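Asker: prediction below, plus the sequence it came from.
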Amino acid sequence: MRIATHLEQTRDIIRYWKKQDLTIGLVTTMGKIKEGHIDLIKRAIHENDRVVVSAFVNPLQFPSLEECNAYPVDDNETDAVCEELGVDLIFRPVREEMYSGRYCTFVTCEEWSEKLTASDQFDYYRGFSTIVVKMFHIIQPDSIYIRNKSTRDAELFKLLAQDLNMDVQIYTQDLR
């Protein structure tokens, strides 16, 4: 198992796999393996030649940087679980590479934003949409496996994939 922290390093690995015509499954996490992730990882391993677990706490999904920095992350546990399950790559990008300098490009779903109340969103879904698209472009997975805390995350993800013509299969683990 490899751990990639830099974008170019990750892209090199992905390019190598793509040249071999290997299928890639991506399991998204916010840096900590939680309930549901293990089943998703097992499914991804069963259905793909290579599996990537993203371990990134996305600051755009938090109302403040303080809350983002306080989010519980356990790299050692994530690494151990992924190693034991047979994950090929953990993508743990450096925040400054994901959002460098004057970051000003975001993905929004206008229809979705209109449905949300102020209490639903502090731009969480703009941050979620942006990181989903960034992960898709960096990892170029054939399948994406997401832990579905509510039906909203899965619905938005599927809408993004449809609207942006993302050639990807989407699988969710419903945790309700």
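Answerer: Perfect, I can see it now.
Asker: how close does the most centrally placed residue in the chain sit to residue 101?
Answerer: Note on the chain: the residue nearest the mean C-alpha position is residue 28, at 3.4 Å, using Cα atoms, centre = their mean. For residue 28, the distance to residue 101 under the criterion Cβ to Cβ, to the nearest Å works out to 25 Å. Placement of C-beta: from N, CA and C, glycine included.
Asker: again with residue 91
Answerer: On the measure of Cβ to Cβ, residue 91 and residue 101 end up 21 Å apart.
Asker: give me the low-pLDDT residue ranges for this protein?
Answerer: Per-residue confidence for the chain (pLDDT under 70) gives these ranges: 111-122, 149-151, 174-176.
Asker: longest helix anywhere in the chain?
Answerer: Once the chain is assigned using DSSP state H, the helix that runs over the most residues is helix 124-139.
Asker: give the buried residues for that one.
Answerer: 124-136, 138-139 (16 or more other Cβ atoms under 10 Å).
Asker: now do the helix or strand following it and helix 124-139, the angle between them.
Answerer: As assigned by DSSP states H and E, the chain's next helix or strand after helix 124-139 is strand 143-148. Taking axes from the mean of the first three to the mean of the last three Cα atoms, to 10 degrees, one finds strand 143-148 and helix 124-139 inclined to each other by 150 degrees.
Asker: so how far is the helix or strand following strand 143-148 off the chain centroid?
Answerer: Sequence order places helix 151-163 as the next helix or strand after strand 143-148, per DSSP H and E. Distance of helix 151-163 from the chain centroid (Cα atoms, centre = their mean, to the nearest Å) equals 13 Å.
Asker: and the next helix or strand past helix 151-163?
Answerer: On the C-terminal side of helix 151-163, the nearest following helix or strand under DSSP H and E is strand 169-174.
Asker: packing partners of that following strand?
Answerer: helix 37-47, strand 143-148, helix 151-163 (3 or more Cβ pairs under 8 Å, 6 or more residues apart in numbering; DSSP states H and E).
Asker: closest to residue 65 out of those?
Answerer: Proximity to residue 65, assessed across the helices and strands packed on strand 169-174 by Cβ to Cβ, is greatest for helix 151-163 (22.1 Å).
Asker: what residues sit buried inside that closest one?
Answerer: In terms of neighbour count (16+ other Cβ under 10 Å), helix 151-163 has its buried residues at 152-154, 156-157, 160-161.
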